[in-house]
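Trainee: turn this into a structure:
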Amino acid sequence: MQPSVWIFCLLLLLLAWIVLYKLAGQTYAREVRTNADRFKLARLAPPMLYVLERLRPTERYPLLLFKIQRSIQTLYGSANAQALTPFFLAEWLNYSYLSLVFGCAVSLLTDGEAAGFALGAVMAVLIPAAMIQDLAKKVVRRQQDIVLELPELLNKITLLVNAGETVQKALAQCVERKQEQADHPLYKELIQMINEWRNGYSFQQSFEQFSKRCAVQEVSIFATTILLNHRRGGDEFVTALRDLSRMLWEKRKAISRTRGEEASSKLVFPMVVIFFVLLALVCTPIFLMMN
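Mentor: So this is what the prediction gives:
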C-alpha cells in the first residue's frame with residue numbers, strides 16, 4: 001500500500017481521538033484524578049469514557065463483562081466496582097487504540113508495508129486479553145494471600161479465647177497487633193468489619209459482610225464457624241476453632257507448595273538462556289580453531 005494511505009489512517013485516528021477528547025471536556029476530570037494511581041493511562045481515559053457512556057456496554061452486554069466486573073469488585077470492593085469498571089474498559093480501549101496508531105506509524109516508516117499495521121492489530125487484541133488475565137491473576141493472588149494469613153490469625157484467636165477473651169476482643173487485639181500490615185487484604189477487610197460493628201452493625205451482620213467481601217471459601221467456613229459457636233463458648237468453641245485451624249494449615253501448605261512450583265517454573269526460561277549463552281561462549285572458540 002502507498003505511504004499516503006497510512007498517513008491518512010494515522011491522521012484520521014489522531015483526529016478522532018482529539019475530537020472525542022474535546023467532547024469529553026472536563027466531565028471526567030475528578031474521576032481521572034482519583035484513579036490516576038490505579039491506571040497507567042488514566043490521563044488518556046476521558047475520550048474512551050465518553051464513548052463508553054454513549055455505548056453503555058455494561059448494560060447491553062452484562063454477561064460478557066461479568067467476569068471483569070466480578071474481578072474488580074473482589075479487588076476494590078463492591079462500592080468502587082461500578083465506578084472502576086468503566087475505567088478498566090477505557091484503559092483497555094486506549095491500549096488497543098494506541099496499538100493501531102503504532103501499527104500505522106510502523107507501516108508508514110517501512111514504506112507502506114502492511115505488516116506493521118498487522119502487528120498493531122494483533123497487539124490491539126493481545127494486550128486487552130493480557131490485561132484481563134492479569135486482573136484474574138491479581139484476584140487469585142489476593143485469595144491466596146488471605147488463605148495464607150488466615151491460619152495464623154485463627155491460632156491467635158484460639159489462644160485468646162481459650163484464655164478467657166471474647167471473640168470480638170480477640171479479633172480486635174489481633175488486628176491492632178498487625179497495624180503494620182494494614183494493606184494486607186485480610187487485615188484490610190477485618191479493619192472494615194471492626195469499624196462496622198463499632199458503628200452500630202451487629203456482630204453477625206458485619207461478619208457476613210466481611211465474608212462476602214473476601215469472596216474466599218475458607219473465609220466463609222471461618223465466618224460460619226465463628227457465628228455458629230461464639231455464643232456457646234467453652235470447650236466446644238475452642239475445639240471447633242482447632243479443627244478449622246488444622247484444615248487451614250493444610251490449605252496453606254498446598255498454596256505454598258503451588259507458589260514454590262510456580263517460582264521454579266519461572267526460572268526455567270532464564271536458565272535455558274544462560275545455557276545457550278554458555279554454549280555459545282564455549283563452542284565459538286572451538287569452531288574458530290577448526291576453521
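Trainee: what about the helices in the stretch 1-150 of the chain?
Mentor: 3-24, 29-34, 45-55, 57-60, 66-76, 78-109, 115-162 (DSSP state H, counting those that start in this stretch).
Trainee: mean pLDDT added to those helices, as a markdown table?
Mentor: Below are those laid out as a markdown table (pLDDT from 0 to 100):
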| stretch | mean pLDDT |
| --- | --- |
| helix 3-24 | 84 |
| helix 29-34 | 81 |
| helix 45-55 | 85 |
| helix 57-60 | 74 |
| helix 66-76 | 83 |
| helix 78-109 | 84 |
| helix 115-162 | 86 |
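Trainee: including mean neighbour count and distance to residue 204, could those go into CSV?
Mentor: Placement of C-beta: from N, CA and C, glycine included. Shown next, in CSV, are these (neighbours: other CB atoms under 10 Å; distance: least, CB to CB, whole Å):
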stretch, mean neighbour count, distance to residue 204
helix 3-24, 14, 45
helix 29-34, 14, 33
helix 45-55, 18, 39
helix 57-60, 12, 33
helix 66-76, 18, 23
helix 78-109, 19, 19
helix 115-162, 16, 17
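Trainee: domain ranges for this structure, per the record?
Mentor: What automatic domain parsing lists as the domains of the chain is 3-113, 144-265.
Trainee: for residue 286, find the nearest of those.
Mentor: The closest of the domains of the chain to residue 286 is domain 144-265. By CB to CB, the value is 32.3 Å.
Trainee: from the chain's centre, how far out is the closest one? Work that out for me.
Mentor: 22 Å (CA atoms, centre = their mean, to the nearest Å).
Trainee: next: stretch 283-291.
Mentor: On CA atoms, centre = their mean, the centre of stretch 283-291 falls 51 Å from that of its chain.
Trainee: buried sites along it?
Mentor: By neighbour count on 16 or more other CB atoms under 10 Å, the buried set for stretch 283-291 is empty.
Trainee: got the CA positions of it in CSV?
Mentor: Extracted in CSV, the C-alpha atoms of stretch 283-291 (Å, rounded to 0.1, in the frame of the first residue of the first chain):
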residue,chain,number,x,y,z
CYS,A,283,31.7,-23.6,21.2
THR,A,284,32.7,-20.4,19.4
PRO,A,285,36.5,-20.7,20.1
ILE,A,286,36.3,-24.4,19.1
PHE,A,287,34.8,-23.6,15.7
LEU,A,288,37.3,-20.8,15.2
MET,A,289,40.2,-23.2,15.9
MET,A,290,38.7,-25.7,13.5
ASN,A,291,38.4,-23.1,10.7
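Trainee: for residue 119, give me its contacts.
Mentor: 103, 106 (CB atoms under 8 Å, 6 or more residues apart in numbering).
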